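J.: Sequence and predicted structure, then a few things I'm wondering about:
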Amino acid sequence: MNAYFVGIGGMGMSGLAKILHNAGFKVAGSDRNLEGDYCKRLLAMGVKIYPQDGSGPTAFMKDSGLKPNEFRIVKSTAVEDQVPDILSAVELGLEQIMRSDLLAMMFNAKKGIAVGGTAGKTTTTGLVAWIGKYCGLEPSCAVGGIISGLDTNAFQGKGPHFIIEADESDGSIVKYQPWASVVTNISRDHKDLEELLSLFKNFLENTTEFRLVCGEDDNCRKIAGRCQGSVKTYGFNRTCDYQAEDVKISNSSSSFTFADTRFEIKMPGEHNVLNALAAIILTHRAGIGLEEIAAAIKAFPGMKRRFELVGNVCGVKIIDDFAHNPVEIEAAVRTARKSSQRRFIVYQPHGYGPTSFTRNELIEVFSGLQNDEFLFLDEIFYGGGTVNRNISSAEIVEEVKRNFDNAWFIADRGQLVERISKEARSGDMVLVMGARDINQICHQLLEKIPAGKNQQSA
């Protein structure tokens, strides 16, 4: 399908654009930020990207030679009707399609493996895709993060399997008809809990062959009990159908035994043991031997921005993590505590709507931080549009300080980097979290911390 993507620089949009481009279709798009990483990746492949000023669809037809009925406009729920390119598409009479519908068309035509859940789904999807590719299944894949060893978030393979990260935030998860599916966990995020339970139940019931949920999560067990047909569980508990045993977790890796086979993954944390166990079960179900899977997992280099070590300077570790909801934040902090003396925790809230929706949960997580932790909130990310700015990071910090003193709102990133560089010392960790551009301070910290140490000793 020839396509013009409005907002092509987004993670999910760029992945589908890449797959269509590599399949030989004519593909282009527009974006507010032409300097973004995914835009640069697509431009390097030869995909044309236009300014999002309404001129793109006409320019694409001129440059490609396509007629209005020979391509579709692809958009996501983040793209508002007032965006100039959408207004132009309407004026030109161009057919529009949602990104989720395009992905569902591609996915449902294959033997699909879908990974859903509030947290952990990106790492689990990346693991399944890595194992499949490493072991010769030649799958196709669309995941919401960069797989480090492959340096991509999407690829097309010749094999029958299509592996996706199934997003529940816009309700599109019910459009997929997987051959096998897993739900990693469920917590209130984007939608109320009962609505999420209904969505994930439908997601599992749309699965044709094998359904799996995390037995360590109360809400996963709840939907498993509501589903018609068999749903298997995985976890640490002996009541689970699939169990990780003899679990050992170090500062930089985790290992465990499953089905008399030892597995080691270069990621710390119990949550990553669960992610790995889910991936093992799914890929073994797809026909790969356990010993082969063990070798693939041991070679897995991880996902970009998933507790990624950016650098270690003057004994201070700088960690970049995509965590953007309360469950993910709590898991990242819990993992960080195992390999640091003190923690400087930096968080950029992910949009006004999501931040307002999870306000109480964020306050609860941050209020439970320890005395050897220091919290810094950046201002809420604003992606444009007509969103209601009815909340602020300063307000969240004010609430947190009722129970936890070491919390500050610092909107000036230069001041933030300056302060941390002066206060951090050997053995500390700077944990930078957020789904948007807060990770830009990671390399600034690497450059600034040595200077900060020199200032202290002068």
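T.: Structure's in. What do you need? Numbers count the residues shown, from 1 in each chain.
J.: Distance check, residue 138 against residue 188.
T.: As judged by Cβ to Cβ, to the nearest Å, residue 138 and residue 188 stand 38 Å apart. From N, CA and C alone the C-beta is placed, and that goes for glycine too.
J.: Comparing these two, which shows the higher neighbour count?
T.: Each of residue 138 and residue 188 has its neighbours counted (other Cβ atoms under 10 Å); residue 188 has more, 19 against 14.
J.: List the residues that contact that one.
T.: Contacts for residue 188 (Cβ atoms under 8 Å, 6 or more residues apart in numbering) come out as 196, 358, 361.
J.: SS state for the last one?
T.: Same thing as residue 361. Under the three-state scheme (DSSP: H, G, I helix; E, B strand; the rest coil), residue 361 adopts helix.
J.: wait, what's in contact with it?
T.: By Cβ under 8 Å, 6+ apart, the neighbours of residue 361 are 187-188, 325-326.
J.: for those residues, which one is nearest residue 126?
T.: Comparing the contacts of residue 361 against residue 126 with Cβ to Cβ places residue 325 closest, at 18.2 Å.
J.: can you pull the contacts of the closest one?
T.: Residue 325 sits next to 118-119, 187, 189, 350, 354, 358, 361 when contact means Cβ under 8 Å, 6+ apart.
J.: Quickly name whichever of these is closest to residue 55.
T.: With Cβ to Cβ as the yardstick, the closest approach to residue 55 among these comes from residue 350, at 30.4 Å.
J.: I'd like to know how far the closest one sits from residue 21.
T.: 28 Å.
J.: model confidence over the longest strand along the chain, on average?
T.: Ranked by number of residues, the top strand in the chain under DSSP state E is strand 140-147. Throughout strand 140-147, pLDDT has a mean value of 91.
J.: roughly how far out does it sit from the chain middle?
T.: Centre-to-centre, strand 140-147 and its host chain are 9 Å apart (Cα atoms, centre = their mean, to the nearest Å).
J.: immediately after that strand, which helix or strand?
T.: strand 152-155 (DSSP states H and E).
J.: Quick check: neighbours of that next one in the sheet, parallel or antiparallel?
T.: strand 140-147 (antiparallel) (DSSP bridges).
J.: Check what contacts the partner strand and list those residues.
T.: Strand 140-147 has contacts (Cβ under 8 Å, 6+ apart) with 11-12, 15-16, 19, 103, 106-107, 110, 121-123, 125-126, 129-130, 132-133, 152-157, 159, 161-165, 167, 303-306, 322.
J.: Would you check how far apart residue 355 and residue 382 are?
T.: Residue 355 sits at a distance of 11 Å from residue 382 (criterion: Cβ to Cβ).
J.: When the two are compared, which one has more neighbours?
T.: Between residue 355 and residue 382, counted using other Cβ under 10 Å, residue 355 has the larger neighbour count: 23 against 11.
J.: per-residue confidence at residue 61?
T.: We have a pLDDT of 96 for residue 61.
J.: For the stretch 351-458 of the chain, give me the ranges with low pLDDT.
T.: Regions of the stretch 351-458 of the chain meeting the criterion pLDDT under 70 cover residues 383-387, 452-458.
J.: hmm, back to that, just the ones in helices from the contacts of residue 361, please.
T.: residue 326 (DSSP state H).
J.: least confident pick among the contacts of residue 361?
T.: The lowest pLDDT within these belongs to residue 188, with 72.
J.: returning to that earlier point: who wins on neighbours among the contacts of residue 325?
T.: In terms of neighbour count, residue 119 stands highest of the contacts of residue 325 at 25 neighbours, by other Cβ under 10 Å.
J.: and residue 245, how many neighbours does it have?
T.: Residues near residue 245, counting by other Cβ under 10 Å: 11.
J.: Identify each buried residue in stretch 205-219, please.
T.: Neighbour-count burial for stretch 205-219 flags 205-207, 210-217, 219 (criterion: 16 or more other Cβ atoms under 10 Å).
J.: same question, stretch 367-375
T.: Within stretch 367-375, the residues that count as buried by 16+ other Cβ under 10 Å are 369, 373-375.
J.: And for residue 63, nearest residue in space, chain neighbours not counted?
T.: In space, and not counting its chain neighbours, residue 63 is closest to residue 48: 6.3 Å by Cβ to Cβ, 6 or more residues apart in numbering.
J.: Hmm, I typed the wrong one, I wanted residue 153.
T.: Among residues not flanking residue 153 along the chain, residue 15 sits closest, at 4.8 Å (Cβ to Cβ, 6+ apart).
J.: One more: residue 14?
T.: residue 38 (3.8 Å).
J.: Tell me how far the helix or strand that contains that neighbour lies from the chain's centre.
T.: Per DSSP H and E, residue 38 falls inside helix 37-45. Between the centre of helix 37-45 and the centre of its chain there are 19 Å (Cα atoms, centre = their mean).
J.: who are the neighbours in contact with the residue nearest to residue 153?
T.: 142-143, 153-154.
J.: Neighbour-wise, which one of those leads?
T.: Going by other Cβ under 10 Å, residue 143 tops the contacts of residue 15 with 29 neighbours.
J.: Check the gap between it and residue 262 for me.
T.: From residue 143 across to residue 262, the span is 26 Å (Cβ to Cβ).
J.: who's in contact with residue 219?
T.: Counting by Cβ under 8 Å, 6+ apart, residue 219 touches 185-187, 193, 196-197.
J.: so what are the domain limits for this protein?
T.: Listed domain ranges for the chain are 3-97, 110-299, 308-457 (source: automatic domain parsing).
J.: Check the ones you listed for me and report the most buried one.
T.: Comparing the domains of the chain by mean neighbour count (mean count of other Cβ atoms under 10 Å), domain 110-299 ranks first with a mean of 20.
J.: For the stretch 51-200 of the chain, give me the ranges with low pLDDT.
T.: For the stretch 51-200 of the chain, applying pLDDT under 70 flags the ranges 189-190.
J.: Do a quick rundown of the helices in it.
T.: Taking DSSP state H, counting those that start in this stretch to define them, one finds helices in the stretch 51-200 of the chain at 56-64, 84-92, 99-108, 121-134, 193-205.
J.: and residue 341, which of these is closest to it?
T.: helix 121-134 (26.2 Å).
J.: which strands and helices sit next to the closest one?
T.: Judged by 3 or more Cβ pairs under 8 Å, 6 or more residues apart in numbering; DSSP states H and E, the packing partners of helix 121-134 are strand 111-116, strand 140-147, strand 161-165, helix 270-285, helix 290-299.
J.: what's the angle between that helix and strand 161-165?
T.: Interaxial angle of helix 121-134 relative to strand 161-165 (axes from the mean of the first three to the mean of the last three Cα atoms, to 10 degrees): 160 degrees.
J.: re earlier: if we only consider the contacts of residue 325, which is nearest to residue 440?
T.: residue 350 (15.3 Å).
J.: From what I see, the closest one and residue 433 are in contact.
T.: No. Between residue 350 and residue 433 there is no contact under Cβ atoms under 8 Å: 9.7 Å.
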